[in-house]
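1. Okay, predicted coordinates and the sequence, questions at the end:
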Amino acid sequence: MSDHDTSLRTPIVAVLGHVDHGKTSLLDKIRGSAVSEGEAGAITQHIGATAVPLETIADMAGDLVTVEDFDLPGLLFIDTPGHHSFSTLRSRGGALADLAILVVDVNDGFQPQTEEALDILQRTGTPFVVAANKADTTPGWNPNENAPIKPSYDAQSDTARQRLDENLYEIIGQLSDDGFSADLYWRVQNFQKNIGVVPCSALTGEGVPDILAVLMGLSQRFMKAEMEIDVAGPGEGTVLEVKDQQGFGATLDVVVYDGTINEGDQIVVGGVNDPIVTEIRALLQPQPNAEIRVENRFERVDAVAAAAGVKIAAPDLDEAMAGAPVRVVRDRDVDDVIAEVEAELAEIEVDTEEEGVVVKADTLGSLEAMANALQEAEVPILRAEVGDVAPRDIAVAGTAREPEHTVILGFNVEVLPDAERELEQSEVTLFADDVIYQLVEDYEEHVAEMQRAQQ
Ligand code: GDP
């Protein structure tokens, strides 16, 4: 047995779904409604995440959540929505987010990114709730702001409810086609077996209390054991982003999912070449009450305990990778911690061959996702790396023997200015996008065109 204090940390929640289905609006609504509950400390803005304490959730959710029924401290929402950020962020090989909200526009139904997101949720075994968003756009809808959806749904005219139901059953049917048993959430008995679908509106806030209640219920019932952490233990986290910050140089935006990180701690971080060993110079959080998403207004903190988002300033972070693990060394042997970080990175490594295309991606996880998609399409990979497109990538792509392989596929990356010039003078074709299936499609189209030209 450990003599450390164990404690229950906040479950980490990610928001996924197709573009324009309302992910950002829903996150904004959750934050906004919480703040308008009026109490100081209704939410805490972290770097890259927002903490909503149980008390606030109970205030927002009315009868749906009673503080006494829960011992988890609340929910931590990752601020960057999208399955991209979800799938690229891991902790010890699993998903960094413990829970997810899958947002589906009730009118638009399932779309390619909905399917991609579901795929990832299924693969990672992440419990989730479906937010059937934009219920307010149902013809004849009578809005009931910030209210739980069930009474609001019951109070609609028969025609409005029938119209919404048609769309909701379409979504439930699509979930079932993908192998998920789902139902309107108020009919679900066992949320581990059945996916709850919550009609909601990120515009009016209807259904938002219900979504929070389902997430709290899911985590309280099924995830408590996983939320037990050694609070005082050496902090562990995942890099969300590597960012230059005036006065600090390269800094890390990190979500801490275990233990505590202190100013002055020695840490090991996954780097482009080797793990980086450095010492924390400062831990930064957004200033309380600063506008959400206004950057550069930080205050220093001495320590952060999981679960939390924080900015780490330390020397030598230029080559740190988004998606990589961060570990505090504390009382351990630094070589052991380096080995742990290396082992974790090795899990994400991509198989390369002697002939193939060059792949660049913004994070480790997205690199892996790209590699999986290419493998499915039977496209060999010569080199796969995290980072922007650099001159040497063009040189490497230029060495491919097959013309169809003198290609760079860039996911969510930029082309460095030097590389821009070289690209123009080379035979190498660059495809850049922030949607994986689009990149693969564009590449396949390119190959098909080359084949047509040869005939
Ligand atoms: P994202 O791309 O998934 O993050 O989608 P956004 O949150 O940016 O929303 C896309 C558009 O849909 C914006 O114009 C929003 O104002 C609108 N929208 C989002 N949620 C709702 C909703 O519940 N009702 C209505 N009527 N519009 C919404």
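-> Noted; the coordinates are in hand. Numbering: from 1, shown residues only.
2. tell me which parts of the chain are close to the ligand?
-> 17, 19-25, 81, 133-134, 136-137, 201-203 (Cβ under 6 Å from any ligand atom). (C-beta placed from N, C-alpha, C; glycine too.)
3. Among these, which are located in strands?
-> Here DSSP state E is the test, and these give 17, 133 as lying in strands.
4. What subset of the residues of the chain next to the ligand is buried?
-> Neighbour counting over the residues of the chain next to the ligand (16 or more other Cβ atoms under 10 Å) leaves 17, 21-25, 81, 133-134, 136, 201-203 as the buried ones.
5. what would those look like in a markdown table with distance to residue 126 and pLDDT?
-> Formatted as a markdown table, these follow (distance: Cβ to Cβ, whole Å; pLDDT from 0 to 100):
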| residue | distance to residue 126 | pLDDT |
| --- | --- | --- |
| 17 | 14 | 94 |
| 21 | 18 | 97 |
| 22 | 20 | 96 |
| 23 | 16 | 96 |
| 24 | 20 | 95 |
| 25 | 22 | 95 |
| 81 | 15 | 83 |
| 133 | 19 | 98 |
| 134 | 24 | 98 |
| 136 | 28 | 97 |
| 201 | 24 | 97 |
| 202 | 21 | 96 |
| 203 | 27 | 95 |
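6. Please identify which pair of those residues lies farthest apart.
-> Maximum pairwise distance in those, criterion Cβ to Cβ, is 19.6 Å, between 81 and 136.
7. Mind listing the residues bridging to residue 94?
-> With DSSP bridges as the criterion, residue 94 is bridged to residue 91.
8. surely it meets residue 124?
-> Yes. Counting by Cβ atoms under 8 Å, residue 94 touches residue 124, with 6.5 Å between them.
9. ok, residue 350 - contacts?
-> By Cβ atoms under 8 Å, 6 or more residues apart in numbering, residue 350 lies in contact with 359, 367, 368, 371, 381, 384.
10. just residue 182 next, same as before
-> Taking Cβ under 8 Å, 6+ apart as the test, what residue 182 contacts is 130, 171, 172, 175, 176, 194, 195, 196, 197.
11. wait, what's in contact with residue 103?
-> Per Cβ under 8 Å, 6+ apart, neighbours of residue 103: 15, 16, 17, 18, 21, 22, 23, 26, 81, 131, 133.
12. ok but residue 110 is inside a helix, no?
-> No. Counting by DSSP: H, G, I helix; E, B strand; the rest coil, residue 110 is not part of a helix but coil.
13. pLDDT wise, what is it at?
-> Note for residue 110: predicted pLDDT of 96.
14. Report how many residues lie close to the closest residue to it other than its chain neighbours.
-> Among residues not flanking residue 110 along the chain, residue 174 sits closest, at 4.4 Å (Cβ to Cβ, 6 or more residues apart in numbering). As a burial measure, residue 174 scores 17 neighbours (other Cβ atoms under 10 Å).
15. residues in contact with the residue in the stretch 51-200 of the chain that the ligand sits nearest to?
-> Scanning the stretch 51-200 of the chain for proximity to the ligand using Cβ to the nearest ligand atom identifies residue 134 as nearest, at 4.0 Å. Residues near residue 134 by Cβ under 8 Å, 6+ apart: 21, 22, 105, 106, 107, 201, 202, 203.
16. For whatever helix or strand residue 164 lives in, buried residues please.
-> Using DSSP states H and E, residue 164 sits within helix 158-177. Along helix 158-177, these residues count as buried under the neighbour rule (16+ other Cβ under 10 Å): 160, 161, 163, 164, 165, 167, 168, 170, 171, 172, 174, 175.
17. ditto for stretch 214-230
-> 214, 215, 216, 217, 218, 219, 220, 223, 227, 229, 230.
18. Do me a favour and get the end-to-end distance for stretch 6-20?
-> Using Cα to Cα, to the nearest Å, the end-to-end distance of stretch 6-20 comes to 41 Å.
19. Next, format the buried residues of stretch 214-230 as a markdown table and append secondary structure, distance to residue 444 and pLDDT.
-> Compiled in a markdown table, the buried residues of stretch 214-230 are given as follows (DSSP: H, G, I helix; E, B strand; the rest coil; distance: Cβ to Cβ, whole Å; pLDDT from 0 to 100):
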| residue | secondary structure | distance to residue 444 | pLDDT |
| --- | --- | --- | --- |
| 214 | helix | 39 | 96 |
| 215 | helix | 39 | 97 |
| 216 | helix | 44 | 96 |
| 217 | helix | 43 | 94 |
| 218 | helix | 39 | 93 |
| 219 | helix | 41 | 94 |
| 220 | helix | 46 | 92 |
| 223 | coil | 40 | 90 |
| 227 | helix | 43 | 94 |
| 229 | strand | 45 | 94 |
| 230 | strand | 48 | 92 |
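20. okay, among those, which ones form the most distant pair?
-> 214 and 230 (28.8 Å).
21. mind checking how far the residue sitting furthest away from the middle of the chain is from residue 445?
-> Most distant residue from the mean C-alpha position of the chain: residue 455, 44.7 Å away (Cα atoms, centre = their mean). Look at residue 455 and residue 445: by Cβ to Cβ, to the nearest Å, they are 16 Å apart.
22. and what of residue 22?
-> From residue 22 to residue 445 the distance is 31 Å (Cβ to Cβ).
23. again with residue 398
-> Between residue 398 and residue 445 the distance is 22 Å, computed by Cβ to Cβ.
24. higher neighbour count, the two?
-> Taking neighbours as other Cβ under 10 Å, residue 398 and residue 445 compare with residue 398 leading, 14 against 11.
25. shouldn't that one be in contact with residue 426?
-> Yes. Contact criterion Cβ under 8 Å: residue 398 and residue 426 qualify, at 5.6 Å.
26. Convert the C-alpha atoms of stretch 103-121 to PDB, please.
-> Listed next in PDB are the C-alpha coordinates belonging to stretch 103-121 (Å, rounded to 0.1, in the frame of the first residue of the first chain):
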ATOM      1  CA  VAL A 103     -22.500  16.600 -30.900                       C
ATOM      2  CA  VAL A 104     -24.800  15.800 -33.800                       C
ATOM      3  CA  ASP A 105     -26.900  18.500 -35.600                       C
ATOM      4  CA  VAL A 106     -30.500  17.100 -35.400                       C
ATOM      5  CA  ASN A 107     -31.300  18.400 -38.900                       C
ATOM      6  CA  ASP A 108     -28.100  17.300 -40.500                       C
ATOM      7  CA  GLY A 109     -27.700  13.900 -38.800                       C
ATOM      8  CA  PHE A 110     -24.600  11.700 -39.200                       C
ATOM      9  CA  GLN A 111     -21.800  13.200 -41.300                       C
ATOM     10  CA  PRO A 112     -18.300  11.900 -42.100                       C
ATOM     11  CA  GLN A 113     -16.700  13.500 -39.000                       C
ATOM     12  CA  THR A 114     -19.500  12.100 -36.800                       C
ATOM     13  CA  GLU A 115     -18.600   8.600 -38.100                       C
ATOM     14  CA  GLU A 116     -14.800   9.200 -37.600                       C
ATOM     15  CA  ALA A 117     -15.500  10.400 -34.100                       C
ATOM     16  CA  LEU A 118     -17.600   7.400 -33.300                       C
ATOM     17  CA  ASP A 119     -14.900   5.100 -34.600                       C
ATOM     18  CA  ILE A 120     -12.400   6.700 -32.300                       C
ATOM     19  CA  LEU A 121     -14.800   6.500 -29.300                       C
END
